[in-house]
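Chemist: I would like the atomic coordinates for the input below:
(one chain, ligands or ions: 1)
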Amino acid sequence: MSNLSIESLATFCKKKGFVYQNSEIYNSIAGFFDYGPYGVDLKNNIKQEWWKYHVTSRPDIVGIDGSIITHPKVWEASGHAANFADIMLTCKKCKTKIRADHFIEDKLKIPADGMSPEEINTLINKNNLKCPSCKDDFEKVSHFNLMFSTNVGPVASKDSQTFLRPETAQVIFTNFKLVTENARLKLPFGIAQIGKAFRNEISPRDFLFRAREFEQMEIEYFIHPEKSDECPFLSTMLKHKVLVYSEEMQKKKQKPAQLSMKECLDKKIIKTPWHAYFLALEHQWFISLGANKDNFRIRQHVQTEKSHYALDTWDLEYQFPFGWKELQGLANRTDFDLQQHMKHSKQDLTLFDEEQKKKIVPNVVCEPSLGVGRAFLVFMFDAYTDDKKRGNIVLKLHPKLAPVKAAVLPLVNKLDKDARKVFDDLIKSFPCTYDKPGSVGRRYARADELGIPYCITFDFDSKTDKAVTIRDRDSTKQVRVKIIDLPDTLFSLLYNDIKFEKAGKPVKTS
Ligand code: GAP
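Modeler: All right, here's what the predicted structure looks like:
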């Protein structure tokens, strides 16, 4: 676990141009954030890598990009209008409003997700819990629906009311038939989407972790309802190991155990091969982009915390400085959503099974759903290194995620013109920066703090040997490379994972 607090990470993100509080000059509203010049590229790189890994590099998953505002009936059918609510505490005197389960968890150090209003009222009374602002009593708890409402058109009335989507998933279900036909999909297949979601969180907190406006990367993976045991990709993930915390382990107060996917399936800890496959796949995605595999575990939802649509849910959790928390939800949504939309829209969303000669309603055997902001936090926490020897922060972001790939530095001012020529050529191929003022050491430190993987120095010899020195951010080792070979060498370093020492002629440094 990183020993950096979430507050310190937020301060670092602001200082270095990654993330700001929205409308800070007007004192901001909690839960809204703006990404700065480095944050926007890091966020885009995360989304791009996710899309490549899950959509463009495999034939069974296609993508869509749906609208944020949809017909209000979508939310009646999905159950969000009736069920997408948190339990809220309101102070009798000062009217402060607090999310009840978080308040109970903070005060009593017990899990409270999914507790009923009665249970919460009993705990508040039994433990004599008071309003944290004015120490007065609470009113009886109430439900608060998290959807942001808006009106479409010039007249604000009940008829023109609709909602900003609280999850991207529903647009996948409402477009299910069209996408299936257009992309000529055959089961099993997935439909993926990256886009904004909005939740009017009662108490947004922990920086990007719980925001009111955020982005989700979601897949609905559909299978034949009678074929939940047939996952053709499982063999690639059977040996994958992860820390596992099942519902039974939680109930029996046992410790999580390090298990392979094969062990989880043999012991029936994970019910379907599909769920095991996707849990391993998602853990693997984070590891492939430099996250520390030991900071993750998978935890099964206990009965009371499951969403209204879920048969079985596992979370990929990450050990944040504020505890083990949900990074990504992976729910088995069954045919709940397609059935609901068929009922409410009166449209046929079935597929025809050619073998069995009958209509079937596909099951969503797994819905991996990940918040971009939470992934952003994970990569930042695992990259942030306070290097005492260097005397500066080194942001060890995976080169594929790094917002800026290289910094070009003239050794001294009088080499400015020649160094700038190298930069002008390189920026046509890679996002890079040019840094002139200050000592080379200071400029290396600036690059380290922005996570720039490579610094390219144009020195006195460069004019004659037509070569430059590349310095590796993580090891500080250096190699000498011909200027003409620079784009190819950088490409191999960034995207082909070649060993740094093999990228050029090693340079001895003191
Ligand atoms: N379609 C399923 C769904 O939305 P969820 O568990 O409510 O399930 C999925 O949300 C993911 O979206 C979470 O695991 C988290 O990564 C992200 N997420 C949810 N609420 C969030 C919030 N308020 N702020 C930031 N990310 C959030």
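Chemist: Without its sequence neighbours, what residue ends up closest to whatever residue of the chain ends up closest to the ligand?
Modeler: Residue nearest to the ligand within the chain (CB to the nearest ligand atom): residue 371, separated by 2.8 Å. Backbone N, C-alpha and C define where each C-beta goes, glycine included. With sequence-adjacent residues excluded and distances taken as CB to CB, 6 or more residues apart in numbering, residue 371 is closest to residue 214, at 5.4 Å.
Chemist: Give me the neighbour count for that neighbour.
Modeler: Neighbour count of residue 214, defined by other CB atoms under 10 Å: 22.
Chemist: that's a strand at it, yeah?
Modeler: Yes: with DSSP: H, G, I helix; E, B strand; the rest coil as the criterion, residue 214 is assigned to a strand.
Chemist: Could you pull up the contacting residues of the closest residue in space to residue 144 that isn't next to it in sequence?
Modeler: Leaving aside its chain neighbours, residue 144 sits nearest to residue 88 (4.3 Å; criterion: CB to CB, 6+ apart). Residue 88 makes contact with 97-100, 141-144, 202 under the criterion CB atoms under 8 Å, 6 or more residues apart in numbering.
Chemist: so residue 328, which of the three states?
Modeler: Secondary structure state of residue 328, per three-state DSSP, is strand.
Chemist: Who does it form a beta bridge with?
Modeler: When bridges are taken as DSSP bridges, the partners of residue 328 come out as residue 316, residue 370.
Chemist: and it, what pLDDT?
Modeler: In the predicted model, residue 328 carries a pLDDT score of 98.
Chemist: is it true that it touches residue 313?
Modeler: No: with the criterion set as CB atoms under 8 Å, residue 328 and residue 313 do not qualify as a contacting pair; they are 10.8 Å apart.
Chemist: Which of these two has more residues huddled nearby?
Modeler: Counted by other CB under 10 Å, residue 328 and residue 313 do not tie: residue 328 has more neighbours, with 27 against 24.
Chemist: how near is the more buried one to residue 288?
Modeler: 15 Å (CB to CB, to the nearest Å).
Chemist: isn't residue 176 right next to residue 185, touching?
Modeler: No: using CB under 8 Å, residue 176 is not in contact with residue 185; the gap is 9.8 Å.
Chemist: give me every residue that touches residue 71.
Modeler: Taking CB under 8 Å, 6+ apart as the contact definition, residue 71 lies against residue 162.
Chemist: tell me which element it is part of?
Modeler: Residue 71 belongs to no helix or strand when elements are defined using DSSP states H and E.
Chemist: Over to residue 421?
Modeler: Taking DSSP H and E as the criterion, residue 421 maps to helix 416-426.
Chemist: what does the stretch 351-500 of the chain put close to the ligand?
Modeler: Near the ligand, the residues belonging to the stretch 351-500 of the chain are 367, 369-371, 373-374 when assessed by CB under 6 Å from any ligand atom.
Chemist: on that earlier part again, what strand or helix carries the residue nearest to residue 144?
Modeler: Applying DSSP H and E, one finds residue 88 within strand 85-90.
Chemist: quick one: strands adjacent to that strand?
Modeler: Applying DSSP bridges to the sheet, strand 85-90 is found paired with strand 97-99 (antiparallel), strand 142-145 (antiparallel).
Chemist: taking the mean pLDDT, what do you get for the shortest one?
Modeler: Looking back up the chat, that one is strand 97-99. Taken as a whole, strand 97-99 has an average pLDDT of 92.
Chemist: what's the answer for the longest one, then?
Modeler: When the per-residue pLDDT values of strand 142-145 are averaged, the result is 93.
Chemist: quick one on the thing from earlier: widest-spaced pair of the residues of the stretch 351-500 of the chain next to the ligand?
Modeler: The widest separation within those, taken as CB to CB, falls between 367 and 373 and amounts to 18.6 Å.
Chemist: Contact residues of the stretch 51-200 of the chain facing the ligand?
Modeler: Counting by CB under 6 Å from any ligand atom, the positions of the stretch 51-200 of the chain adjacent to the ligand are 167, 169, 199.
Chemist: mind giving me TSV with those and columns for distance to residue 238 and neighbour count?
Modeler: What follows is those, written out as TSV (distance: CB to CB, whole Å; neighbours: other CB atoms under 10 Å):
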residue	distance to residue 238	neighbour count
167	31	21
169	28	25
199	36	22
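Chemist: So residue 104 lies in a helix, does it not?
Modeler: Yes: secondary structure of residue 104, determined by three-state DSSP: located in a helix.
Chemist: Which stretches in the stretch 151-300 of the chain count as strands?
Modeler: For the stretch 151-300 of the chain, the strands defined by DSSP state E, counting those that start in this stretch occupy 161-163, 189-198, 213-223, 241-245, 257-260, 296-300.
Chemist: helices or strands up against the second one?
Modeler: Under the contact definition 3 or more CB pairs under 8 Å, 6 or more residues apart in numbering; DSSP states H and E, strand 189-198 sits against helix 37-51, strand 61-64, helix 169-174, helix 176-182, strand 213-223.
Chemist: export these to a markdown table and tack on mean pLDDT and distance to residue 385?
Modeler: Putting these into a markdown table (pLDDT from 0 to 100; distance: least, CB to CB, whole Å) gives the following:
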| stretch | mean pLDDT | distance to residue 385 |
| --- | --- | --- |
| helix 37-51 | 98 | 16 |
| strand 61-64 | 98 | 34 |
| helix 169-174 | 98 | 36 |
| helix 176-182 | 97 | 43 |
| strand 213-223 | 98 | 26 |
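Chemist: so which of those gets nearest residue 490?
Modeler: For the helices and strands packed on strand 189-198, proximity to residue 490 was assessed by CB to CB; helix 37-51 is nearest, at 15.7 Å.
Chemist: how deep is residue 216 tucked in, by neighbour count?
Modeler: Each residue near residue 216 was counted by other CB under 10 Å, and the total is 22.
Chemist: what does the model give the residue nearest to residue 144 for pLDDT?
Modeler: Reported pLDDT for residue 88: 94.
Chemist: Isn't residue 471 up against residue 459?
Modeler: No: counting by CB under 8 Å, residue 459 is not a contact partner of residue 471; they are 11.6 Å apart.
Chemist: Neighbour count for those two, which is higher?
Modeler: Counted by other CB under 10 Å, residue 471 and residue 459 do not tie: residue 471 has more neighbours, with 24 against 18.
Chemist: ok now do residue 84, which residues does it touch?
Modeler: With contact set as CB under 8 Å, 6+ apart, residue 84 has these partners: 75, 145-147, 166.
Chemist: list the contacts for residue 365?
Modeler: The contact partners of residue 365, by CB under 8 Å, 6+ apart, come to 188, 221-223, 228, 272, 274-275, 332.
Chemist: And it, its phi and psi?
Modeler: Comment: the main-chain dihedrals of residue 365 come out as phi -70, psi -30, following degrees, to the nearest 10.
Chemist: Give me the spatial nearest neighbour of it, chain neighbours excluded.
Modeler: Closest residue to residue 365 in three dimensions, ignoring its sequence neighbours and counting by CB to CB, 6+ apart: residue 274, at 4.3 Å.
Chemist: what ranges do the helices span in the stretch 301-450 of the chain?
Modeler: Assigned by DSSP state H, counting those that start in this stretch, the helices in the stretch 301-450 of the chain fall at 336-345, 372-383, 416-426, 440-449.
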